[in-house]
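In: Would you be able to build a 3D model of this:
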Amino acid sequence: MPGSACEAGGINRRPRAGGGSPGASRDPHGGAHHPHHRLHAAGGGSAASSGKSKKLLDKSSSEYRVRRERNNIAVRKSRDKAKQRNAETQQKVLELSNDNERLRKRVEQLSRELETLRGIFRQLPESSLVKAMGSCA
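Out: Numbers count the residues shown, from 1 in each chain. Take a look at the predicted model:
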């Protein structure tokens, strides 16, 4: 079909209504669908050719509610873990920034000290340099 989303690489670039949900899969023709919105008919429907086949459950069934609760707990745990990792990363960034600043100041101090010593060295008479170098040999 000329000009269709399928011809343009099969990607529909329209935003999802309501922002979508993490469990929603993308229909190649632009619609989001949730497997649990349909009821599993005995013997009806075919399993996907790859991956696990999902048993479609009635939203009012106790098994569905148990699965949803377990999933909600897993999602909460995953998000908490991500927040913890983020907080640790931010703390590490702060520590490294402080170390960086301390080291920059140390480099400045040593550079000033080096310039002072070079100035002193330049003011020494050559004869004292020759004597000093002779004692090193």
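In: Low-confidence regions, the chain specifically.
Out: Applying pLDDT under 70 to the chain flags residues 1-53, 135-137.
In: What about Gln109, how many residues nearby?
Out: Using other Cβ atoms under 10 Å, Gln109 has 10 neighbouring residues. All C-beta spots, glycine's among them, are computed from the backbone N, C-alpha and C.
In: and if you look at Arg67?
Out: Other residues near Arg67 come to 14 when the count uses other Cβ under 10 Å.
In: Quick check: the gap between it and Gln123.
Out: Applying Cβ to Cβ, to the nearest Å, the value for Arg67 to Gln123 is 84 Å.
In: next one: Leu57
Out: Counting by Cβ to Cβ, the gap from Leu57 to Gln123 is 89 Å.
In: the more surrounded of the two?
Out: Leu57 (19 against 7).
In: Gln90: which element?
Out: Per DSSP states H and E: Gln90 is located in helix 62-123.
In: And for Leu56?
Out: Using DSSP H and E, no helix or strand contains Leu56.
In: How many residues are close by it?
Out: Per other Cβ under 10 Å, the neighbour tally for Leu56 reads 16.
In: Phi and psi next, for it.
Out: Note on Leu56: its backbone torsions stand at phi -80, psi 130 [degrees, to the nearest 10].
In: can you check Asp58 too?
Out: Torsion angles, degrees, to the nearest 10, at Asp58: phi -70, psi 130.
In: Count the neighbours of it for me.
Out: Residues within reach of Asp58, counting by other Cβ under 10 Å, total 12.
In: That one and Arg65: what is the separation?
Out: Asp58 is 10 Å from Arg65, by Cβ to Cβ.
In: same deal with Asp99?
Out: From Asp99 over to Arg65 the distance is 51 Å, taken as Cβ to Cβ.
In: Val93 and Pro125: what is the separation?
Out: 52 Å.
In: no wait, Arg65
Out: Relative to Pro125, Arg65 is positioned 94 Å away (Cβ to Cβ).
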